[in-house]
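Engineer: following is a predicted model, sequence given first.
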Amino acid sequence: MSRVGLILDAEKISDIVDLSEKAESAGFDSIWTTELYRTSFEQLSVAAHSTDKINLGTAVALAFVRSPLITSLTALDLDEISNGRMILGLGSGAMRTNENFHGIKYGKPVARIRECIELIRLITGSFNKKEPLIYEGEYYGINLRGYHRPFKPIREKIPIYLAGIGGYMTQAAAELADGYLGHVVCSLKYLREVLSQSIKSGLEKSKRDLKSFQRASIICCAVSKNKGDAMRAVRGTIAFYSTVRTYQSPFLLHGFEKETQRVREAYFKGDVESMLSHVTDEMVNAFSVFGDADECRKRIDEYRNYIDLPILSAPHYFLDFQEVRQLQENIFEAFGE
């Protein structure tokens, strides 16, 4: 089985147990937890307890709403809980998420994420070396003199994957992190024409090659024998993200300015049906994989030319959880061993 990951999207925490166990039994490479309506780390802890060998990642944990110290400690704890299976997926999040939802000043996200990742590396490394850490940056200033964590880490280094939409953030991922995490609206065209070049530039700056770096991307995937049902299911996810200006670059690359403006106008009116109706078939083709099992597998193989790990996400916006769960079961059947 070619490597494939799965986004865990569950109505109840208890459902995460079942999804995690099924993903491991089906031979999936990894399972990943998001952070919007739940916290990514707590979901991953449940998945860690219910599995033995599958890799576990956050896709993504919001980097700026926690201190680098608490992020480091949480990652170390989860790595211990999972016996060394943790992947720390970090993202800056949108400005509105940070400032309106969390009350955190956003600042310059690329500069800030550089400091954040550098600090996490220094903090986790200091626990191995038992050296005091003092750091002064533009966004973070900490003094860990006298602070000693008495537990030996499971691993000397926990892999960090950095999420990005724009070229600068993606380049930073290739410079600083162990891997890149593409957003669900990173279309095949956007990966090929924009992000691949940014990753190449970042690796050149860090004097590394692709063998030392993992490229992953979340992909909205609806497996169904009824193509019309599959297309209907993914429209909600595309509509939702087309309203967020942070994620506009892929839509602009495809020339969907008018369509996204219509979706946004309907969103502010609270008209969900109108939002969905303005997501065209061209947008569905660009930003999702849909159809029967064979069609979806072939389309995912196209992504493998530009990424090492496709992370499949069943569509879930504006759908009830019973339908989402059926779409997840279809993914297991189509991509499992």
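Structural biologist: Thanks, I have it.
Engineer: need the three-state assignment for residue 51.
Structural biologist: coil (DSSP: H, G, I helix; E, B strand; the rest coil).
Engineer: cool, residue 117 as well?
Structural biologist: helix.
Engineer: quick one: residues contacting it.
Structural biologist: Taking CB atoms under 8 Å, 6 or more residues apart in numbering, we find residue 117 in contact with 63, 90, 160, 162, 176-177. Every residue, glycine included, has its C-beta placed from N, CA and C.
Engineer: got a list of what the nearest residue to residue 3 once chain neighbours are set aside touches?
Structural biologist: Ranked by CB to CB, 6 or more residues apart in numbering and with sequence neighbours excluded, the top spatial neighbour of residue 3 is residue 29, at 4.2 Å. When contacts are counted by CB under 8 Å, 6+ apart, residue 29 touches 3-5, 54-55, 309.
Engineer: out of these, name the ones that lie in helices.
Structural biologist: Using DSSP state H to define helices, no part of the contacts of residue 29 is located there.
Engineer: and those, which is closest to residue 21?
Structural biologist: Checking those against residue 21 by CB to CB gives residue 54 as the nearest, at 9.3 Å.
Engineer: could you measure from the residue lying closest to the closest one once chain neighbours are set aside over to residue 332?
Structural biologist: Nearest non-adjacent residue to residue 54, counting by CB to CB, 6+ apart: residue 24, 4.3 Å away. Going from residue 24 to residue 332 by CB to CB, to the nearest Å gives 11 Å.
Engineer: again with residue 73
Structural biologist: 34 Å.
Engineer: swap in residue 179?
Structural biologist: As judged by CB to CB, residue 179 and residue 332 stand 24 Å apart.
Engineer: so which of those two has more stuff around it?
Structural biologist: Neighbours around residue 179 and residue 332, counted as other CB atoms under 10 Å, are more numerous at residue 179. The numbers are 22 against 19.
Engineer: Provide the backbone phi and psi angles at the residue nearest to residue 3.
Structural biologist: phi -70, psi -40 (degrees, to the nearest 10).
Engineer: repeat for residue 290
Structural biologist: phi -150, psi 160.
Engineer: now the residue nearest to it when sequence neighbours are not counted: phi and psi?
Structural biologist: Computed as CB to CB, 6+ apart, the closest residue to residue 290 that is not its neighbour in sequence is residue 230, at 3.8 Å. Main-chain dihedrals, residue 230, degrees, to the nearest 10: phi -60, psi -40.
Engineer: and the one 4 residues further on, by the same measure?
Structural biologist: Residue 234 adopts backbone torsions of phi -80, psi -20, taken as degrees, to the nearest 10.
Engineer: surely it meets residue 223?
Structural biologist: No: Residue 234 lies out of contact with residue 223 (CB atoms under 8 Å); the separation is 11.0 Å.
Engineer: between the two, what contacts are shared?
Structural biologist: By CB under 8 Å, 6+ apart, the residues touching both residue 234 and residue 223 are residue 290.
Engineer: low-confidence bits of the stretch 1-150 of the chain, can you list those?
Structural biologist: Along the stretch 1-150 of the chain, segments meeting pLDDT under 70 span 130.
Engineer: all helices for it, in order.
Structural biologist: For the stretch 1-150 of the chain, applying DSSP state H, counting those that start in this stretch gives helices covering 13-25, 40-49, 68-81, 95-96, 109-129.
Engineer: one step back: could you identify the most distant pair in the contacts of residue 29?
Structural biologist: 54 and 309 (12.8 Å).
Engineer: restricted to strands, list the contacts of residue 117.
Structural biologist: The strands, defined by DSSP state E, take in 90, 160, 162 from these.
Engineer: give me phi/psi at residue 223?
Structural biologist: The phi/psi pair for residue 223 (degrees, to the nearest 10) is phi -90, psi 120.
Engineer: same deal with residue 304?
Structural biologist: Main-chain torsions, residue 304, degrees, to the nearest 10: phi -70, psi -10.
Engineer: that one is in contact with residue 297, isn't it?
Structural biologist: No: in this structure residue 304 lies outside contact range of residue 297 using CB under 8 Å: 10.7 Å.
Engineer: which residues does stretch 228-243 contact?
Structural biologist: 183-185, 220, 222-224, 247, 251, 256, 259-260, 263-264, 267, 275-276, 278-279, 281, 283-284, 287-288, 290-291, 313, 315-319, 323, 327.
Engineer: give me the most central residue, the chain.
Structural biologist: residue 59 (3.1 Å; CA atoms, centre = their mean).
Engineer: need the contact list for the nearest residue to it once chain neighbours are set aside.
Structural biologist: Of all residues not flanking residue 59 in the chain, residue 32 sits nearest, at 3.8 Å (CB to CB, 6+ apart). By CB under 8 Å, 6+ apart, the residues touching residue 32 are 5-8, 56-59, 89, 218, 311.
Engineer: tell me which two in these are the farthest apart.
Structural biologist: 56 and 218 (15.5 Å).
Engineer: circling back to that earlier point, need the residues touching each of residue 54 and residue 309.
Structural biologist: Common neighbours of residue 54 and residue 309 (CB under 8 Å, 6+ apart) are 29-30.
Engineer: quick one: buried residues of the helix or strand hosting residue 237?
Structural biologist: In this assignment (DSSP states H and E), residue 237 forms part of helix 227-242. By neighbour count on 16 or more other CB atoms under 10 Å, the buried set for helix 227-242 is 230-242.
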